[in-house]
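Trainee: following is a predicted model, sequence given first.
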Amino acid sequence: MKKTINLLAVCGSGTVSSTMVAEKAQEYIESLGFNVQAEELNPQQASERIPSGDYDLVVFTSPIPGTYDIPIINATGLLTGIGEEDVFEKIKEAITE
Amino acid sequence: MQTLKTIMDTFGANIFVPIVIFLICIFMKINVKKAINSAILAAVGLIGFDMITNYFTPVISPVVDKMVKLAHLNLPVLDIGWQATAVIAYSTQIGMVFIAVLLIFQVFLFAIKWTNVFMPSDLWNNYSLILWGSELYFVTKNMWLASFLMLFGNMVCLLYSEVIANRWSTYYGYPQCTLSAPHQVGNVPFALILNVVLSKLGADKIQLNPENIRKKLGFLGDPMIIGFIVGFLLGFIGNFTTLTAIASWGQILTTAVTTSAVMAIFPKIGSIFAASFSSITSASQKSMKKGGREWYVAVNDALGYGESATLTTGILMIPFALIMAFILPGNIIVPVMCLTGFAYDSEINIALADGNIFKALIMDICIFAGQLYIGSYFAPMFTKIAKQVGVKIPGNSLMVIGFVAANILLGLITIAFMTKNPLIIGIVVILYIVQFIYFKKNKKKVIDTIEKHSDYSNVHVAKS
């Protein structure tokens, strides 16, 4: 049984760029041998939902107000294609810990 | 084109759009499994959109009708938001063909160094060019003119995208990134002028602190809450004279929760539809050749949305937008779905004002006023296009628009093209060419001047 990672992707409206980032992150995490359950929200909704403990990892393109216990990664690189490897590296570190 | 029209009419947007997406995927050498996935995602998004609007309009339209009659307000145009506008634009007869044409055109302009901005990486926002072409096609039935408008509009956008690139990238702290979305960069010329004029009038002396405002008004960042408040307000105004009747409260609260539901659910559907573009976007990014020159990647405006000053300006804009819609003579739009999106539209203003909320808010207000008029002018046309692609709009009085379809610059260019007068169109094209040549020759000077006007002694550094 593969472990499932609950992934949250956050962008301005929880619509376009969060979806694109979530897809890339999901694909990468799956290639590491995990299952992924991905969801997209806007920063305000995210700041309310993250404390509920529903997520293992957050990737964002718009900063989320507040501080949290789970890894929160700036995934702008996945959107621009610049520094994509760095983002993947950080995701790997966060989930293999 | 005739064959295309027959195919289009037979299958409708829900079939046609996914097929085109599939073909573009195959063309971009994306594997078949992903291509099929992208195509079906598009279909699911389109159908989800039908479901939502067909549920929402019968609830909201009687309320808007009542409000119009009671308050003697002539606001029969409902703002349906950018996600819906995008879906409509991509569902038009020329929409999907043009996404392929624009993709090739943008790669070409980048390759021949006409521009330093690689626009295909924000492929999604091409709907904001396509909708103008669709409107022009609707009015003139001239496919060549409509095509020319879209390509020309694209070049204008790329010019302003390049003009603002350094400022946006510096303020938001994303190296080599810029905006290219036509409904954003179309505001650049106005924002540049307003920025200088407002400085002269002393707007730099007042600085607002974003953190406090944001703490107090942060809940307004949730579309669900905004939807409830706006739905409630519309219902309340519509039923103002019958507030003692229980039926009125039924309608007020139904409108409130329905608007809230639409605001909360719509981004999910928009997200499904947008996902169908992601494979093409990343494939086009891979094909970008990084030569030894200065270049910028076009990014989605979501990247600046969450920055404190930007989001705060966007939230503060909500009451102003509502008040303006009600008091500006000649306006016929009631803003609903745009209310949560002002942070996007504030980005260029905030970057130019270097984080000064007070100044950016005034710029927002001026530009929004212009958009109300452009939107009011184009609403009948946009509504007919929406009906053509299958949006059910009850009655004859109600119309729809999205504020993306109310961009001042692109609206004015489209109006010029609508005259079909070669002289007027020629003048518009020459205006562009003059600016283009001036910018290319004096690039450093232009960028330095913008920086000079956006640099304050009390420099506010963006924390993104």
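Mentor: Thanks, I have it.

Trainee: may I have the phi/psi pair for B:Leu372?
Mentor: Its backbone dihedrals place B:Leu372 at phi -60, psi -40, with angles given as degrees, to the nearest 10.

Trainee: the closest residue to it other than its chain neighbours - how many residues pack around it?
Mentor: What sits nearest to B:Leu372 in space, not counting adjacent residues and going by Cβ to Cβ, 6 or more residues apart in numbering or on different chains, is B:Asn331, at 4.4 Å. Backbone N, C-alpha and C define where each C-beta goes, glycine included. Look at B:Asn331: counted by other Cβ atoms under 10 Å in any protein chain shown, it has 21 neighbours.

Trainee: who's the residue nearest the centre of chain A bridged to?
Mentor: The structure's chain A has its C-alpha centroid closest to A:Val59; by Cα atoms, centre = their mean the separation is 2.7 Å. Counting by DSSP bridges, A:Val59 forms beta bridges with A:Ala9, A:Ile73.

Trainee: so it sits against A:Thr76, correct?
Mentor: No - at 9.5 Å, A:Val59 and A:Thr76 do not qualify as touching, with contact defined as Cβ atoms under 8 Å.

Trainee: find residues that contact each of these two.
Mentor: With contacts defined as Cβ atoms under 8 Å, 6 or more residues apart in numbering or on different chains, the residues adjacent to both A:Val59 and A:Thr76 are A:Val87.

Trainee: is stretch B:271-282 anywhere near chain A?
Mentor: Yes - for stretch B:271-282, a contact with chain A is found by Cβ under 8 Å from any Cβ of the partner chain, at B:271-272, B:274-275, B:277-278, B:281-282.

Trainee: and stretch B:380-399, how far apart are its ends?
Mentor: Using Cα to Cα, to the nearest Å, the gap from the first to the last residue of stretch B:380-399 comes to 7 Å.

Trainee: can you point out the buried residues in it?
Mentor: Neighbour-count burial for stretch B:380-399 flags B:381-383, B:385-386, B:389-391, B:393, B:398-399 (criterion: 16 or more other Cβ atoms under 10 Å in any protein chain shown).

Trainee: how about B:Trp132, phi and psi?
Mentor: Geometry field for B:Trp132 lists phi and psi as phi -70, psi -40, criterion degrees, to the nearest 10.

Trainee: do the same with B:Ala298
Mentor: B:Ala298 adopts backbone torsions of phi -70, psi 130, taken as degrees, to the nearest 10.

Trainee: tell me which residues touch the closest residue to B:Met28 other than its chain neighbours, please.
Mentor: Computed as Cβ to Cβ, 6+ apart, the closest residue to B:Met28 that is not its neighbour in sequence is B:Ala283, at 4.2 Å. For B:Ala283, the set of contacting residues under the criterion of Cβ under 8 Å, 6+ apart consists of B:25, B:28-30.

Trainee: what about these, which are in strands?
Mentor: Judged by DSSP state E, the contacts of B:Ala283 include no members of strands.

Trainee: in helices, which of the residues you listed appear?
Mentor: Within those, residues falling in helices by DSSP state H are B:Cys25.

Trainee: and which of the contacts of B:Ala283 is nearest chain A?
Mentor: Distance to chain A, by Cβ to the nearest Cβ, is smallest for B:Ile30 among these, at 12.5 Å.

Trainee: thought the closest one was touching B:Ile280?
Mentor: Yes - between B:Ile30 and B:Ile280 there is a contact at 7.2 Å, judged by Cβ under 8 Å.

Trainee: what touches both of these two?
Mentor: Any residue near both B:Ile30 and B:Ile280 by Cβ under 8 Å, 6+ apart counts here, and that gives B:Ser38.

Trainee: how confident was the prediction at residue 82?
Mentor: If you meant another chain, say so; for now it's chain A. The confidence metric pLDDT takes the value 78 at A:Ile82.

Trainee: try again with chain B
Mentor: For B:Trp82, the pLDDT comes out at 85.

Trainee: surely it touches B:Thr340?
Mentor: No - B:Trp82 sits out of contact with B:Thr340 when judged by Cβ under 8 Å, with a separation of 10.1 Å.

Trainee: does chain B sit close to the top helix by length along chain A?
Mentor: What stands out as the longest helix in chain A, according to DSSP H, is helix A:16-31. Yes - among the residues of helix A:16-31, A:16-20, A:23-24 lie within reach of chain B under Cβ under 8 Å from any Cβ.

Trainee: ok, B:Thr254 - how many residues close by?
Mentor: Using other Cβ under 10 Å, B:Thr254 has 15 other residues around it.

Trainee: give the contact list for it.
Mentor: Taking Cβ under 8 Å, 6+ apart, we find B:Thr254 in contact with B:59, B:235.

Trainee: circling back to that earlier point, in which helix or strand would I find the residue nearest to B:Met28?
Mentor: Element membership of B:Ala283 [criterion: DSSP states H and E] is helix B:246-286.

Trainee: next, the angle helix A:16-31 makes with that helix.
Mentor: Using axes from the mean of the first three to the mean of the last three Cα atoms, to 10 degrees, the interaxial angle of helix B:246-286 with respect to helix A:16-31 works out to 60 degrees.

Trainee: where's B:Thr310 relative to B:Gly304, distance?
Mentor: Counting by Cβ to Cβ, to the nearest Å, the separation of B:Thr310 from B:Gly304 is 6 Å.

Trainee: list residues touching both of those two?
Mentor: Overlap of the contact sets of B:Thr310 and B:Gly304 (by Cβ under 8 Å, 6+ apart) consists of B:343, B:347, B:350.

Trainee: among those, which ones lie close to chain A?
Mentor: Of the entries in these, the ones placed beside chain A under the rule of Cβ under 8 Å from any Cβ are B:Ala343.

Trainee: tell me the most packed of the shared contacts of B:Thr310 and B:Gly304, by neighbour count.
Mentor: Each of the shared contacts of B:Thr310 and B:Gly304 was scored for neighbours by other Cβ under 10 Å, and B:Ile350 scores highest at 34 neighbours.
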